[in-house]
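Chemist: return atomic coordinates for the entry below.
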Amino acid sequence: MAAVIPTNPASWLKLNGKVAVVTGAGSGIGRAICQSLAASGCAVVAADYNGDSVKETSSLIANTHSKAICFPCKTDVTDSADVEKLFKRAEEMSQDLFNAPPSILVNSAGITRDGWIGNLTPGEFDDVINVNLKGSWLTSRQFSLPDRSSYFKSTPTSGSIINISSIVAVHGNLGQSNYAASKAGVLGLTRALSKELARSNIRVNAILPGFINTPMSAAVPDKVKNSMVSRIAMGRFGETEDIANLAGFLASERSGYMTGCEIECDGNISM
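Modeler: Coordinates of the predicted model:
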């Protein structure tokens, strides 16, 4: 029998009636994921430390998809009280809309503080670990508290946590000892939570982007970019949509038997 190719990807993903919390939603990969999920019928709570940028994300979605729902929320993912407030807001919105808790979490918040180890300060190390790793742990903890996770035990619909790690977590990178350590920690978090939360019908997977065209990569000198591109089999940087499309799949029940997976999306790079 010939495969049936969906003509409407939004319908194929079946994200209508779901609420997603996306961190790092003010730009780059996080913004693209918000746009992709909203286009697929998912209501989105877009969180970012930069309140103005996350409002812009919400406006872009509203201007592109008139029926889309996206609520901006200024959030410091390193602050447990702030993260709790974020999830209370998401819970209220989700209950009002669908009488269910948020069922998708995308941990995309991330920063860099690059430099050779002798030049990095302990504060720069702490900043990166706190945002990239601790922030992902704090949001995952709120998402999977018993009063929320019990819902997924009683329904065929699973919860989905999607952690944005990095190819650097596997291969390392010059001048990024703090960033590589933080993203490797995200993989460890993914592996542990995928085992721990499976009994609660919550899936936990990680995406490992390669070099993607984002505001973060725009700051990289052209000489360094050219060197990076020469090591990518596909001969180009990826686009934020490449990661967003993969996140949409992992958010949906189309990936319902996938947990603990670490998916590289890097154009086949040789580090």
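
Chemist: now the helices: where do they sit in the stretch 101-250 of the chain?
Modeler: 122-129, 135-143, 146-153, 168-171, 177-196, 215-218, 222-229, 240-251 (DSSP state H, counting those that start in this stretch).

Chemist: other SSEs contacting the third one?
Modeler: It refers to helix 146-153. Under the contact criterion of 3 or more C-beta pairs under 8 Å, 6 or more residues apart in numbering; DSSP states H and E, helix 146-153 touches strand 159-164. Every C-beta, even on glycine, is put in place using the N, C-alpha and C of the backbone.

Chemist: now the strand it packs on against helix 240-251, angle please.
Modeler: Strand 159-164 and helix 240-251 are oriented at 150 degrees to each other (axes from the mean of the first three to the mean of the last three C-alpha atoms, to 10 degrees).

Chemist: what is strand 159-164 packed up against?
Modeler: When contacts are defined as 3+ C-beta pairs under 8 Å, 6+ apart, strand 159-164 packs onto strand 104-107, helix 135-143, helix 146-153, helix 177-196, strand 202-209, helix 240-251.

Chemist: quick one: closest of these to Leu13.
Modeler: For Leu13, the closest of those is helix 240-251, at 5.6 Å, according to C-beta to C-beta.

Chemist: please pull up the helix or strand immediately following that closest one.
Modeler: strand 262-265 (DSSP states H and E).

Chemist: looking at the helices and strands packed on strand 159-164, which is buried most?
Modeler: Among those, ranked by average contacts under mean count of other C-beta atoms under 10 Å, first place goes to strand 104-107 (a mean of 28).

Chemist: list of residues touching it?
Modeler: 15, 18-24, 30, 33, 37, 42, 135-136, 139-140, 143, 159-164, 186, 247, 251 (C-beta atoms under 8 Å, 6 or more residues apart in numbering).

Chemist: next up, phi/psi of Leu145, please.
Modeler: Per-residue torsions, Leu145: phi -60, psi 150 (degrees, to the nearest 10).

Chemist: how near is it to Gly159?
Modeler: Distance, Leu145 to Gly159, using C-beta to C-beta, to the nearest Å: 11 Å.

Chemist: higher neighbour count, these two?
Modeler: Shown here are Leu145 and Gly159; by other C-beta atoms under 10 Å, Gly159 has more neighbours (25 against 12).

Chemist: contacting residues for the residue lying closest to that one once chain neighbours are set aside?
Modeler: Leaving aside its sequence neighbours, Gly159 sits nearest to Ile202 (C-beta to C-beta, 6 or more residues apart in numbering; 3.8 Å). By C-beta under 8 Å, 6+ apart, Ile202 lies in contact with Phe143, Ser144, Ser149, Phe152, Ser158, Gly159, Ser160, Ile161.

Chemist: so which of the helices of the stretch 101-250 of the chain comes closest to Ala62?
Modeler: Nearest to Ala62 among those is helix 240-251; the distance by C-beta to C-beta comes to 17.6 Å.

Chemist: got a list of what Val170 touches?
Modeler: Counting by C-beta under 8 Å, 6+ apart, Val170 makes contact with Ala184, Leu187, Leu208, Glu264, Met271.

Chemist: nearest to His65, of the residues you listed?
Modeler: Leu208 (28.5 Å).

Chemist: gap between that closest one and Cys265?
Modeler: For Leu208 relative to Cys265 (C-beta to C-beta), the value is 7 Å.

Chemist: over to Lys55?
Modeler: Going from Lys55 to Cys265 by C-beta to C-beta gives 28 Å.
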